[in-house]
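S.K.: how does the following fold in three dimensions:
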Amino acid sequence: MVAWKTNLIRSRSGVFSLIEIIATIAVMAIVFSLAIPVYSIVRSRAFESRALSNLKQHSAVFLQYCSDSRDFWPYFTDPSGPATVVYANGARWGRIPSFFDATLTWPYFLGDRYYNGTYRGEMFVSRPALGTRVTSYFYARGMFSRPEFWNGRARSLDPRQLAGSTVSEVAFPSRKGLLIDTLDMFTGEWGPARQPAVFVDGHAVVARRSEWRFPEVLSSATQVESRGFVGGEPVLDTVDGVRGIDL
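M.R.: Sure thing, here's the model as predicted:
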């Protein structure tokens, strides 16, 4: 008799009541609701770390190009022609229709000489999901045009303003951006709008979009739309070009 009562107590103690089940589910829901934002932040920081590492490597490549090219920043597209023909891996890849499109097609021009024939892949994007894009790291347009072009009072359609700039012309190397990760511009997935960028002196940072110096869209911007110019983005369209400041 005693044994039977003991077994009954054990069997009852091993069964969860409805209230206990509901309470367990509620606790799990709270834990998940707290964990998901943390996971999102950790994942975003991982993407940012990846971007900073990539940007520093690209900065070194750009400076090597400058060393090989009489101090000039990478300069590829033709301001006078309707388009620029691009060759990659020894074969014709296609045509770049606008002068300022070099801001996102630079891997094709540098790939053969400086990246062992590679111009796509993990090194050129901040996250694997963007692998089909050429790059998420945009090249400052002021580096392959003259400072006068980025000053509303001095700008003209003179082709000489679309000539390359040099490293020695950069007035503030630690404050002039060279490449910026545009992931947030396109998707907004990073919430507080944080964007990694690398500067001319080689250091890389992550800054909130509100921290960047936003250039005004200059009134004459529409006069150069045929060359692919849009204007108004930090790092890409810095006022006074290589002589200006981004952060």
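
S.K.: within the helices and strands, which one has Ile180?
M.R.: strand 177-181 (DSSP states H and E).

S.K.: which parts of this protein are strands?
M.R.: For the chain, the strands defined by DSSP state E occupy 84-88, 91-96, 137-139, 177-181, 194-199, 204-208.

S.K.: now do stretch 234-245: distance from first to last residue.
M.R.: One end of stretch 234-245 to the other measures 9 Å (CA to CA, to the nearest Å).

S.K.: which parts of that stretch are buried?
M.R.: 234-244 (16 or more other CB atoms under 10 Å). Where C-beta positions appear, they are placed from N, C-alpha and C, glycine not excepted.

S.K.: let me have these in JSON lines, extended by distance to Arg155 and pLDDT.
M.R.: Formatted as JSON lines, these follow (distance: CB to CB, whole Å; pLDDT from 0 to 100):
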{"residue": "Pro234", "distance to Arg155": "19", "pLDDT": "89"}
{"residue": "Val235", "distance to Arg155": "19", "pLDDT": "92"}
{"residue": "Leu236", "distance to Arg155": "16", "pLDDT": "91"}
{"residue": "Asp237", "distance to Arg155": "12", "pLDDT": "91"}
{"residue": "Thr238", "distance to Arg155": "14", "pLDDT": "93"}
{"residue": "Val239", "distance to Arg155": "11", "pLDDT": "91"}
{"residue": "Asp240", "distance to Arg155": "11", "pLDDT": "94"}
{"residue": "Gly241", "distance to Arg155": "11", "pLDDT": "94"}
{"residue": "Val242", "distance to Arg155": "15", "pLDDT": "97"}
{"residue": "Arg243", "distance to Arg155": "14", "pLDDT": "96"}
{"residue": "Gly244", "distance to Arg155": "14", "pLDDT": "96"}
